[in-house]
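Undergrad: Sequence first, then the predicted structure:
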Amino acid sequence: MTALPTRKLEAWRYTDLKNLAAISFVEATPTKIVAPLPDLGIPRIVFVNGTYNAALSTPPDFLSSFAKVVDESSLPLVQINAAHAHDGATIDVPANIDAGAVMLVSYANAEMPMAFHPRHRVVLGEGSKLTIIEVAIGQGVYWHNPVTDIILHEGAALSHYRLQDEGLDAFHLATIRAQVAEKAAYESFSLVIGAKLSRAEFHATLSGPNATTHLNAAQLLRGRQHADFTSVVAHKAPNCASRQTVKSVLSDHSRGVFQGRIEVARVAQKTDGYQMNQALLLSPHAEIDIKPELEIFADDVKCSHGATIGALDPEQIFYLRSRGIPEDQARAMLIRAFLTEALEPVTNEAARVFLEDTIETWWARK
Amino acid sequence: MLEIKNLSASIGDKEILRGVNLVVPDGEIHAIMGPNGAGKSTLSYVLSGREGYEVTGGSAFYNGQDLLAMEPEARAAAGVFLAFQYPVELPGVGNANFIRTALNAVRRARGEGELDAVAFLKLARTAIKNLSMPDDMLKRNVNVGFSGGEKKRNEVLQMALLQPGLAILDETDSGLDIDALKIVSEGVNALRGPKFSALIITHYQRLLDHIVPDYVHVLAAGKIIRSGGPELALELEAHGYAGLEAA
């Protein structure tokens, strides 16, 4: 098996997998469901401990069976996934279809430490549209190592909303690779509240003119949680736009990481790249590491990045409390307000309500 | 009824209030005037429960409840409302959502039912109309991009909807043009009644032309040094605080 990456690799400088490496995981086996699965009344694809569960699923008609893929990626986690993947969702929407919305649920129940490595694949034909609401939940010690490959043909639009709400002893290391063709749009938002240690690594390639992508995220962490958002956006054609707004709310001893790289090829003139990373530190022990990188070979581009780190404003809290709003609720409102910009790509109403409810109850979860 | 007895308070080791005595019975409006640094804003913050002020002596009771022992939100639920001198901007928080959350928090604390979005909007639109405010006031983020006058009007809108028993207006007239001053004054006057009292903190006489107080008190160096009827405000306007202290 390929070795886990260590902090000696630049891409893994801020996220240490030694606690993961110290655990002996067994292959995941099917299990019983002991928690309610989210249901938004739309088609639902359910994986239990990494294996497709037909009884719990109400699959859309464009779901096809899993086919093992050959992968020559140099990314260590993708290699590990390729060696172990035995299941995953394969979604293939033909051209010019509005395929609506679908849920992709991963549920884990680990009685002993186990690992699963699903391989998902989403292909949208020319001019097609789809919304995926992905939710990862579970309990026990486990390692969820999904790789999701997304191919968007000309003019296709995928809205991809992810809720990572894994159990607090879990490791979640997701890799998402998106190929975005001419005039196609990959719009994503990730809400990260779960797992002991997690990373979402995005590789978006804008390969045709006027392709666009949003890679937004909100990370809400407490205790000793660690969450890493890493992105590489490759602008390989002219007139493409990429937007990344990542917000972290860090309490207790939690730690957030943002690494974002924008690569602009020589041909990618008129590139519009934007990166904003903001952190709200709710505790003097919380920590955020931010590493933006721009690699620009074209001469007519607009690329910007910004980072801010702050705390909740006591004046704002007092203003809300003076109007009768209890302190906890006041904090929750201000946290929600802080996250507003990150949620912009969430245009699907059901997804928005679902994610906003999750955010609003996060503060009270404790 | 608000009863303040021998109230002293400091910020850090600086003593600001040095034994304030004041009683505001229900149905009355009292004005507090005084020079800069007299402790006017400190009094309003101590009464509403802002952090950073240490009460070093005395008491403040409202309707028999010990205000100084209560959290700010509990004071609001008990009917105390502070109209801020500098209303705070809340980017990302919609004004309608803010006011509805506040109103429902207060209603919940008082054991009343909560209002849903539709019922609230109906109520809020009526209040906005009564105060001659622009319709988009509810849609914008709280105080973000508001002019000084709009911020103060937004305070009055919140007051109109929260229906406090005791309103403390901290220099609500500062930065207001004459039209806004009228709107703000009408908002306060509309609440006047046997169950409503107000403490109006101001530098100038002009607000008191529109909201005529029952009593005027002069706060200087942390103490109330003189009290009288509305004519006292006119005297101050004519002779200034310096003249008064010399007298």
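TA: Structure's in. What do you need?

Undergrad: For the stretch 151-300 of chain A, which residue gets nearest to chain B?
TA: In the stretch 151-300 of chain A, the residue that lies nearest chain B is residue A:247 (10.7 Å; Cβ to the nearest Cβ). To be clear about C-beta, it is placed using only N, CA and C from the backbone, and glycine gets the same treatment.

Undergrad: where does chain B come near chain A, residue by residue?
TA: Residues of chain B that fall close to chain A, judged by Cβ under 8 Å from any Cβ of the partner chain: B:48-51, B:71-73, B:75-77, B:81-82, B:84, B:87-88, B:90-93, B:98-99, B:101-103, B:105-106, B:109, B:158, B:162.

Undergrad: The closest residue to residue A:145 other than its chain neighbours and chain B: what is the separation?
TA: Taking Cβ to Cβ, 6 or more residues apart in numbering or on different chains as the measure, residue A:145 lies nearest to residue A:117, with 4.5 Å between them; neighbours along the chain are not counted. Residue A:117 sits 38 Å away from chain B, going by Cβ to the nearest Cβ, to the nearest Å.

Undergrad: what's the helix or strand for the residue of chain B found nearest chain A?
TA: With Cβ to the nearest Cβ, the shortest gap between chain B and chain A falls at residue B:92, namely 2.9 Å. Per DSSP states H and E, residue B:92 falls inside strand B:90-94.

Undergrad: Buried residues of the helix or strand following that strand, list them for me.
TA: Downstream of strand B:90-94, the next assigned helix or strand under DSSP H and E is helix B:95-109. Buried positions in helix B:95-109, judged by neighbour count with 16 or more other Cβ atoms under 10 Å in any protein chain shown: B:95-107.

Undergrad: Kindly report the same for stretch B:221-230.
TA: Of the residues in stretch B:221-230, those buried under the neighbour-count criterion (16+ other Cβ under 10 Å) are B:222-224, B:226, B:230.

Undergrad: and the two most separated of those?
TA: Farthest apart among those by Cβ to Cβ are B:222 and B:230. That separation is 24.1 Å.

Undergrad: hang on, isn't residue B:150 packed against residue B:131?
TA: No - using Cβ atoms under 8 Å, residue B:150 makes no contact with residue B:131, being 11.5 Å away.

Undergrad: quick one, what contacts the residue of chain B closest to chain A?
TA: Residues in contact with residue B:92, defined by Cβ atoms under 8 Å, 6 or more residues apart in numbering or on different chains, are A:336-341, B:141.

Undergrad: could you redo the last one with a cut-off of 10 Å?
TA: Counting by Cβ atoms under 10 Å, 6 or more residues apart in numbering or on different chains, residue B:92 makes contact with A:333-341, B:141-142, B:144.

Undergrad: Give me the residue ranges of the chain where confidence is low.
TA: Answering for chain A, as no chain was given. When residues are selected by pLDDT under 70, those of chain A lie in A:1, A:366.

Undergrad: Please refer instead to chain B.
TA: When residues are selected by pLDDT under 70, those of chain B lie in B:243-247.

Undergrad: which stretches of it form strands?
TA: Counting by DSSP state E, the segments of chain B that form strands are B:2-11, B:14-24, B:29-33, B:54-62, B:65-66, B:80-83, B:90-94, B:141-142, B:166-170, B:197-202, B:215-220, B:223-228.

Undergrad: Then the stretch 1-150 of chain A?
TA: Using DSSP state E, counting those that start in this stretch, the strands found in the stretch 1-150 of chain A span residues A:26-27, A:44-48, A:51-52, A:63-64, A:90-93, A:98-109, A:114-116, A:119-124, A:129-139, A:142-144, A:147-152.

Undergrad: Paired strands for the first one, with orientation please.
TA: Just to be clear, that refers to strand A:26-27. Taking DSSP bridges as the criterion, strand A:26-27 pairs within the sheet with strand A:114-116 (parallel).

Undergrad: Centre of the chain to the partner strand, how far?
TA: Between the mean C-alpha point of strand A:114-116 and the mean C-alpha point of its chain there is a distance of 19 Å (Cα atoms, centre = their mean, to the nearest Å).

Undergrad: which other residues reach that strand?
TA: The contact list for strand A:114-116 (Cβ under 10 Å, 6+ apart) reads A:20, A:23-29, A:31, A:47-51, A:80-81, A:84-87, A:106, A:108, A:110, A:140-146, A:171.

Undergrad: who's residue A:192 bridged to?
TA: In this structure, residue A:192 has the following beta-bridge partners (DSSP bridges): residue A:164, residue A:219.

Undergrad: residue contacts, residue 184?
TA: Chain wasn't specified; assuming chain A. Contacts of residue A:184 (Cβ under 10 Å, 6+ apart): A:124, A:126-128, A:150-158, A:178, A:206-208, A:210-213.

Undergrad: sorry, should have said chain B
TA: Taking Cβ under 10 Å, 6+ apart as the contact definition, residue B:184 lies against B:83, B:131, B:149, B:152-153, B:155-156, B:159, B:169, B:172-173, B:176, B:207, B:210-211.

Undergrad: same check, this time on residue A:195
TA: A:136, A:138, A:142-144, A:164-173, A:221, A:225-227.

Undergrad: and it, what element?
TA: Take DSSP H and E as the rule and residue A:195 turns out to sit in neither a helix nor a strand.

Undergrad: Note down every partner strand of the helix or strand encompassing residue A:273 and its orientation.
TA: Under the criterion of DSSP H and E, residue A:273 resides in strand A:272-281. Within its sheet, and counting by DSSP bridges, strand A:272-281 is paired with strand A:241-250 (parallel), strand A:302-310 (parallel).

Undergrad: List the buried residues in it.
TA: The neighbour-count check on strand A:272-281 (16+ other Cβ under 10 Å) flags A:273-281 as buried.

Undergrad: Might you report the residue contacts of residue A:244?
TA: Counting by Cβ under 10 Å, 6+ apart, the residues that residue A:244 touches are A:188, A:202, A:204, A:213-217, A:229, A:231, A:233, A:258, A:260, A:262, A:273-277, A:292, A:305, A:342.

Undergrad: Chain neighbours aside, what residue packs nearest to residue A:352?
TA: The spatial neighbour of residue A:352 that comes closest, neighbours along the chain excluded (Cβ to Cβ, 6+ apart), is residue A:346 at 4.7 Å.

Undergrad: List the contacts of the one you found.
TA: With contacts taken as Cβ under 10 Å, 6+ apart, residue A:346 has the following neighbours: A:131, A:133, A:159, A:161, A:187-189, A:191, A:214, A:216, A:352-356.

Undergrad: Now for those: which two are most distant?
TA: The largest separation in those, counting by Cβ to Cβ, is between A:214 and A:353 at 19.3 Å.

Undergrad: the more surrounded of the two?
TA: In this comparison of residue A:214 against residue A:353, neighbours counted by other Cβ atoms under 10 Å in any protein chain shown, the higher total goes to residue A:214 at 22 against 12.

Undergrad: Does the more buried one lie in a helix or a strand, and which?
TA: Secondary structure here is read from DSSP H and E; on that basis residue A:214 sits in strand A:212-221.

Undergrad: ok, residues contacting stretch B:3-23?
TA: Applying Cβ under 10 Å, 6+ apart, the set of residues contacting stretch B:3-23 from outside is B:1-2, B:24-25, B:30, B:32, B:37-43, B:45-47, B:52-64, B:67-68, B:199, B:215, B:217, B:219, B:221-224, B:227.

Undergrad: Just the buried residues of it, please?
TA: B:3-4, B:7-10, B:16-18, B:20, B:22.

Undergrad: Fine by me, thanks again.
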